[in-house]
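Novice: here is my input, please return the structure:
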Amino acid sequence: MGEGSVSATPEGVRRLAVTKQHLAGTLPSRPTKEHILSVVRDLCYVQFDPIAVVAPSHVLCLRSRVGDFRMSDLDGLLWDEKKLFQHWPNVSAAFVLTEDYPLYYSMMKRYPDSLTRSWGSQRERAKKFLETHENLRKGILRQLKAGPLQLTQFEEYVKNGKSSDGWTAGSDVSRMMFHLEMRGEVMIVGHDGVKNVWGRPDGFLPGWVERKELPEEEFEKQVAQRAIRALGTASPREVLLYFPRGRYVDIAKTLKTLLEESLVRRVRVAEFGAKDERYVHRLDVGLLQSMDGSDWHPRVSLLPPFDNLLNGRGWLTRLFGFRYVHEMFFPEKKRKYGYYVMPILWGDRLIGRIDPRMDRKAKKLFVNGVYAEPGAPAGREVSSRIADSIESMAHFLGAKEVVYSARVPATWKSVLH
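Specialist: Coordinates of the predicted model:
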């Protein structure tokens, strides 16, 4: 049977989350491919997003955790060594570990039945689409036997407006590619700029990749443990939303089994109230209990919009008292902070946000605004550390100058100008 619960403070829970997310401690002086793999392994995935107002979100996410890595290392892991591949661990494409292929293979073999209620009507829509477009599926797979293709290179491709499924671009081919990727029949084997290059897994994946379907119960036990470890502590809903999103048939049963097998422990945080149901992995209990001491090594980070730490509004509000909205999806007049807003992580607190834009031609990083959260620490040390982080990011991006607007909090303005 499971062991007793672990008591923790909100501060300890936040610090463990930040530590497990690779956002505490000293950054490596010379980032390597192994550092990148370690981050993806511990986070479970890094969301892929090519929007480059500053830099692609996945680039900024990795940089905040490994430092100034070489893009050639990431490309090598994806397309040469193939230790990473692109898939959908939640509702967005992401880079994931090839060594985790059995987890994805298990979802692929059961797709679309592996989609649960949180995906809405997608499961039934997927079934109907696949049933009524079998000839299209066969045609795509036949063409890919001759080699990889971009979307518009398939003979059946016809752009027909916005997709009715709400997930893919407006063509039957693009819809089919999404479903075939989810089924493991095709995969992304390269990028041409921001365009995907599609191929067949049997011609791309290394021979060492294990194609093994896990029983549903074992699958849920494995992925729930990975999610809990990535978050430090997690509630059932946070597990569901983090990894793999919406793929648990019975999360309550899975957590009960993990408790009975002493693989996880309950966490009690008095400030969160009696209704809060939170778990920590047994391997992280000691680390959680040490977060008020010498094992806590804070630093300052600028987080991109699709950073793993920002996953889930409830998680951010409960743990960090921080509300984050992707204002890039809002009309300009309705934006409060800006288009590409990056929260500022100060130790275990989210103390503000910046709205940056990179001008590659002029080699300048424009900071359209800096905003402090209520109660954010003031003073020259804080503003200097924030300025150093912005300057460091600018250097990584190739900027020769950082240009601030007048929208800077008064308490930080002596440095951020």
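Novice: summarise which helices and strands whichever strand or helix holds Leu62 is packed against.
Specialist: Using DSSP states H and E, Leu62 falls within helix 57-66. Contacts defined by 3 or more C-beta pairs under 8 Å, 6 or more residues apart in numbering; DSSP states H and E place helix 57-66 against helix 33-43, strand 46-47, helix 71-75, strand 300-302, helix 380-397. Placement of C-beta: from N, CA and C, glycine included.
Novice: buried residues in the third one, which are they?
Specialist: In terms of neighbour count (16 or more other C-beta atoms under 10 Å), helix 71-75 has its buried residues at 73-74.
Novice: convert it to PDB, retaining C-alpha atoms only.
Specialist: Provided in PDB are the C-alpha atoms of helix 71-75 (Å, rounded to 0.1, in the frame of the first residue of the first chain):
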ATOM      1  CA  MET A  71      20.800  25.400 -33.800                       C
ATOM      2  CA  SER A  72      22.800  22.900 -35.700                       C
ATOM      3  CA  ASP A  73      22.700  20.600 -32.600                       C
ATOM      4  CA  LEU A  74      18.900  20.700 -32.600                       C
ATOM      5  CA  ASP A  75      18.700  20.000 -36.300                       C
END
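Novice: next secondary structure element downstream of that helix?
Specialist: strand 84-87.
Novice: low-scoring stretches of this protein, by residue?
Specialist: Residue ranges of the chain with pLDDT under 70: 1-2, 159-170.
Novice: show me where the stretch 101-250 of the chain has helices.
Specialist: 101-110, 122-132, 134-144, 172-183, 216-231, 236-242 (DSSP state H, counting those that start in this stretch).
Novice: now those helices in a markdown table, with distance to Leu309 and mean neighbour count?
Specialist: A markdown table is the format used below for these (distance: least, C-beta to C-beta, whole Å; neighbours: other C-beta atoms under 10 Å):
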| stretch | distance to Leu309 | mean neighbour count |
| --- | --- | --- |
| helix 101-110 | 22 | 20 |
| helix 122-132 | 26 | 15 |
| helix 134-144 | 37 | 15 |
| helix 172-183 | 26 | 21 |
| helix 216-231 | 9 | 21 |
| helix 236-242 | 11 | 20 |
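Novice: among those helices, which comes closest to Lys336?
Specialist: Comparing the helices of the stretch 101-250 of the chain by their distance to Lys336 (C-beta to C-beta), the top pick is helix 236-242, with 24.0 Å.
Novice: what are the contacting residues of whatever helix or strand comes next after the closest one?
Specialist: Later in the chain than helix 236-242, the nearest helix or strand by DSSP H and E is helix 251-260. Applying C-beta atoms under 8 Å, 6 or more residues apart in numbering, the external contacts of helix 251-260 come out as 1-2, 217, 220-221, 224-225, 236, 239-240, 248, 264-266, 279.
Novice: run the chain-centre distance for the helix holding Leu62.
Specialist: 10 Å (C-alpha atoms, centre = their mean, to the nearest Å).
Novice: try stretch 51-63
Specialist: For stretch 51-63, the distance to the chain centre is 12 Å (C-alpha atoms, centre = their mean).
Novice: stretch 373-390 now?
Specialist: That offset, for stretch 373-390, works out to 26 Å (C-alpha atoms, centre = their mean).
Novice: including distance to Gly347, could the helices of the stretch 101-250 of the chain go into a markdown table?
Specialist: Output for the helices of the stretch 101-250 of the chain, formatted as a markdown table (distance: least, C-beta to C-beta, whole Å):
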| stretch | distance to Gly347 |
| --- | --- |
| helix 101-110 | 33 |
| helix 122-132 | 39 |
| helix 134-144 | 49 |
| helix 172-183 | 39 |
| helix 216-231 | 18 |
| helix 236-242 | 21 |
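Novice: out of the ones you listed, nearest to Phe329?
Specialist: helix 236-242 (18.5 Å).
Novice: helices and strands around the closest one, which ones?
Specialist: helix 216-231, helix 251-260, helix 313-320.
Novice: of those, which approaches Pro305 most closely?
Specialist: Among the helices and strands packed on helix 236-242, helix 313-320 sits nearest to Pro305 (C-beta to C-beta), with 12.7 Å.
Novice: helices or strands up against the helix or strand just after that closest one?
Specialist: Beyond helix 313-320 on the C-terminal side, the first helix or strand identified by DSSP H and E is strand 342-346. When contacts are defined as 3+ C-beta pairs under 8 Å, 6+ apart, strand 342-346 packs onto strand 300-302, strand 349-359, helix 380-397.
Novice: any idea how far the shortest one is from the middle of the chain?
Specialist: This points to strand 300-302. That offset, for strand 300-302, works out to 16 Å (C-alpha atoms, centre = their mean).
Novice: I'm done for today, thanks for sticking with me.
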